[in-house]
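Novice: next one to model:
(chains A and B)
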Amino acid sequence: MVRGLRCSLGGTEVLRGLDLEVNPGEIVGLLGPNGAGKSTLLRCVAGLLPFSGQIEVRGQPVSSSERRGLGPRELALQVALMPQSTTLTSAFPAADVVMMGRYPHQGRFQAESAEDRRAVKNAMAFTATEALALQPINQMSGGERQRVLFAKVLAQDTPLLLLDEPSSGLDLAHQQLTFSYAQTLASQGRTIVAAVQDLRLASTFCTRVILLSQGLILAQGTPQEVLTGQNLEAAYGVKVRVYVNLATGQFDFHLDGAEPSETAPLVHVIGGGGSASSVLRLLTQAGYRVTTGVLSPGDSDLYVANVFELPSIVSPPFWPIEEAVHRQNCAWVREADLVVLCNLVVGAQNLRNLEAATHANELVVLEDQPMSERDFTGGAALDAYSKLTARARVMRSAEFPRWLKTLFYPMKH
Amino acid sequence: MTPVIPDRQAWWVLLPLAVALGGLVLLATAVGSVSVPLGDAVTVILARLGVPATFLASLPDPKWDAIIFLVRLPRVLGATVIGAALAVAGTVMQGLLRNPLADPGLIGVSSGAGFGAVLSIALGFAATSSWSLPVFASVGSLVATGIIFLLAIRAGKMGLFTLILAGMAVGTFFGASTSLVLTFASHDSIAQFLFWSMGNLYNVRWESLQLVALPIGGGIFLLLWFARDLNVLLLGEEEAQAVGVDVFRTRLVLLVLVSAVTASAVCISGPISFVGLVVPHILRLLLGPNHRLLVPAAALGGAAFLVVCDLVARLALGAQEINVGIVTALVGAPYFVFLLLRSVKRGIDL
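Specialist: Have a look, this model is predicted:
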């Protein structure tokens, strides 16, 4: 439990009044940009920094600058901290390092007990570091070292574990591993609070996240509640698109620049069936104002358009585009400075997309396969298409990004 | 099994070291400008230890008894005690500061002792009482160390970097003060101080051993109990605190013990350089970083090293004895350079 926590480092107030509560069995992720106060919060709870306010661990106060609470050893029986970086240069074998986690359990005049040895053994088995037991820690790879240090924190055998960016500097597999350790521990009733940089990892593994910004809590709750574009933009100061990755079913995040300006050129993209996805993304990132149509629900192009919050014209699938919808499409085409016709497959239901394209002020046609192979209208599409290409700039999809760069716009990035 | 020693294996290191030390003490007692047969030396020592004459091969020869018991034994035991003190202090300082080149000189022990010594000599106290110089030297070193601690401790914290810089400043100040006193001192006083400052064991008698045995023995004993803390401190300040080490208090206790042990050594022998540097270094290379083995090994190794160096100092130039501080420096400085070159070659910046 943390109440009214304030902490200053070198004259600047890093934490400016935090209130939060963590329950047993939770994995709480601390998120926020560099300097938001994640590490400082963890170090305060671990008793490493003087602070004002109240921190209680299982009902017992941590010593603050105002009142005396648990001593270092008593606190170390409740809280274990895995710091962001360890400056370990000594050639201690891994088993000795893990045994150091038992320090608070050992009296000054006691030898290592059987329990100490059992805890070390279990911790090393848990992190699969038994084989490294006799190897000097300063000669290990980053992943091995991190696992040994994790074992040390485990051997400390505390109900609360604080992990300060436990996955920083680790490869893909080890990042995942660290958090799956945390998950197992939480299921055994231990409590874990971790500062996390990687939003994907946080949304996957944390039962609750706390978003910090400039020493204050911006939002807290489930990852779904907290990790919204709005919150993340407020915390990180950049536009973050939050969406569910269709392949993994997990939250995913995409960073693009700020919102396009009112004076940015307007581009209308005609696509469908996945043909427009990369074009939509490219144009948005380049700072254009983008519209799209006509797309059907379930189309991945529409999904991308929604992630980027692009205005789009939608019509039911497997149903010809109705007059009203078509007229709107034509209107947007006319309004646009540039229209991009993607390498879409044409059937009876979306034939009118080609018709709409004829109203373009400036038309780019992306062609990867000849229309003859994508025409499922029995020739109508091919006719309309050849009329279009006569007055359009035709290129392959792969050439489009380079061509886009030759345009006068954008200037903003 | 004593909890200080990590495991049974350690006995295979400490036991041979202890036996070697015992042998060296015996050898150094027997060998000298007048050689005593080893058997006679043993007899004298055993007799003095109170072993009844019936158990001895021969009766102790009174002419050997004076040499062995009154002259050589206190000196060799002095070398043992001082060598152990300096090596343990060096080991602890290096672990504490996480720097392989640290030694107790960093916390002003030698410069303070030097100033105390020069005062005692220049003011004439040293000439009137043999107790004066050791007492002045130890008071001087404790004063210097105290000033450094006061400078380095701020708001319940002790920055190691601040400690080193404060140590440098205070050390320089006391060094200059010593020079100032020497400017006005007589030639005799200057010679006497110079002799003291080179480090020697000439004047070690039973009385001086009595004076320092308790602080040194007790200090080393207490330092042994902090070996586990020293290991954990090597993880870094925050890591150590996070596993429950009271970093500030532990550092303070260790530094106070180190300065007490070193000051006691310096007050009877003068500053003897490099023992606290070379011995811990060699042992760390051989035994690894575990202080629970390193600290007791340093005590035995340091003692053996200084006994040998003192033997060399007595015998190397025949009739002309040289100061043991010269021998340790002549051995230590090249080793220091060797370490330096080796780390440069490995691309490590000490």
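
Novice: interface residues of the stretch 51-200 of chain B facing chain A?
Specialist: By the rule Cβ under 8 Å from any Cβ of the partner chain, the part of the stretch 51-200 of chain B lying against chain A is B:Arg98. (C-beta placed from N, C-alpha, C; glycine too.)

Novice: ok, 6 Å please
Specialist: With the criterion set to Cβ under 6 Å from any Cβ of the partner chain, the stretch 51-200 of chain B never comes near chain A.

Novice: all helices of the stretch 51-200 of chain B, in order?
Specialist: Assigned by DSSP state H, counting those that start in this stretch, the stretch 51-200 of chain B shows helices spanning B:62-65, B:73-96, B:109-122, B:125-128, B:132-152, B:160-183, B:187-197.

Novice: save the ones you listed as JSON lines, and put in mean neighbour count and mean pLDDT too.
Specialist: Shown next, in JSON lines, are the helices of the stretch 51-200 of chain B (neighbours: other Cβ atoms under 10 Å in any protein chain shown; pLDDT from 0 to 100):
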{"stretch": "helix B:62-65", "mean neighbour count": "14", "mean pLDDT": "78"}
{"stretch": "helix B:73-96", "mean neighbour count": "28", "mean pLDDT": "93"}
{"stretch": "helix B:109-122", "mean neighbour count": "28", "mean pLDDT": "90"}
{"stretch": "helix B:125-128", "mean neighbour count": "16", "mean pLDDT": "77"}
{"stretch": "helix B:132-152", "mean neighbour count": "22", "mean pLDDT": "87"}
{"stretch": "helix B:160-183", "mean neighbour count": "17", "mean pLDDT": "90"}
{"stretch": "helix B:187-197", "mean neighbour count": "16", "mean pLDDT": "88"}
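
Novice: Provide the secondary structure category for A:Ile313.
Specialist: Classification of A:Ile313 using DSSP: H, G, I helix; E, B strand; the rest coil returns strand.

Novice: switch the helices of the stretch 51-200 of chain B over to TSV; also include distance to A:Gln60.
Specialist: TSV is the format used below for these (distance: least, Cβ to Cβ, whole Å):
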stretch	distance to A:Gln60
helix B:62-65	66
helix B:73-96	31
helix B:109-122	41
helix B:125-128	57
helix B:132-152	32
helix B:160-183	31
helix B:187-197	55
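
Novice: quick one, what contacts B:Phe338?
Specialist: Not one residue lies near B:Phe338 by Cβ atoms under 6 Å, 6 or more residues apart in numbering or on different chains.

Novice: so where does it fall, helix or strand?
Specialist: Following DSSP states H and E, one finds B:Phe338 within helix B:324-345.

Novice: got the angle between whatever helix or strand B:Pro280 lives in and helix B:73-96?
Specialist: Here B:Pro280 sits within helix B:275-287, counting by DSSP H and E. Angle between the axes of helix B:275-287 and helix B:73-96 is 70 degrees (criterion: axes from the mean of the first three to the mean of the last three Cα atoms, to 10 degrees).

Novice: contacting residues around helix B:275-287?
Specialist: Here helix B:275-287 makes contact (Cβ under 6 Å, 6+ apart) with B:83, B:86-87, B:89-91, B:94, B:103, B:293-294, B:297-298, B:301-302, B:305-306, B:328, B:332, B:335.

Novice: likewise for stretch B:216-236?
Specialist: By Cβ under 6 Å, 6+ apart, stretch B:216-236 touches A:87-88, A:90, A:100, A:103, A:108, B:4, B:81, B:85, B:88, B:92, B:95, B:240, B:245, B:250, B:254, B:257, B:260-261, B:264, B:291-292, B:295, B:299.

Novice: with just CA atoms, put it into PDB.
Specialist: Extracted C-alpha coordinates of stretch B:216-236, given in PDB (Å, rounded to 0.1, in the frame of the first residue of the first chain):
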ATOM      1  CA  ILE B 216      44.700  -6.100  16.100                       C
ATOM      2  CA  GLY B 217      43.500  -9.500  17.200                       C
ATOM      3  CA  GLY B 218      40.100  -8.300  18.200                       C
ATOM      4  CA  GLY B 219      39.800  -6.200  15.000                       C
ATOM      5  CA  ILE B 220      40.700  -9.100  12.700                       C
ATOM      6  CA  PHE B 221      38.300 -11.300  14.600                       C
ATOM      7  CA  LEU B 222      35.400  -8.800  14.300                       C
ATOM      8  CA  LEU B 223      36.200  -8.300  10.600                       C
ATOM      9  CA  LEU B 224      35.900 -12.000  10.000                       C
ATOM     10  CA  TRP B 225      32.300 -11.800  11.200                       C
ATOM     11  CA  PHE B 226      31.600  -9.200   8.500                       C
ATOM     12  CA  ALA B 227      32.900 -11.300   5.600                       C
ATOM     13  CA  ARG B 228      29.400 -12.200   4.400                       C
ATOM     14  CA  ASP B 229      28.400  -8.500   4.400                       C
ATOM     15  CA  LEU B 230      31.600  -7.700   2.400                       C
ATOM     16  CA  ASN B 231      30.600 -10.300  -0.200                       C
ATOM     17  CA  VAL B 232      27.100  -8.800  -0.500                       C
ATOM     18  CA  LEU B 233      28.500  -5.300  -0.600                       C
ATOM     19  CA  LEU B 234      30.400  -6.300  -3.700                       C
ATOM     20  CA  LEU B 235      27.000  -6.600  -5.500                       C
ATOM     21  CA  GLY B 236      26.700  -2.800  -5.200                       C
END
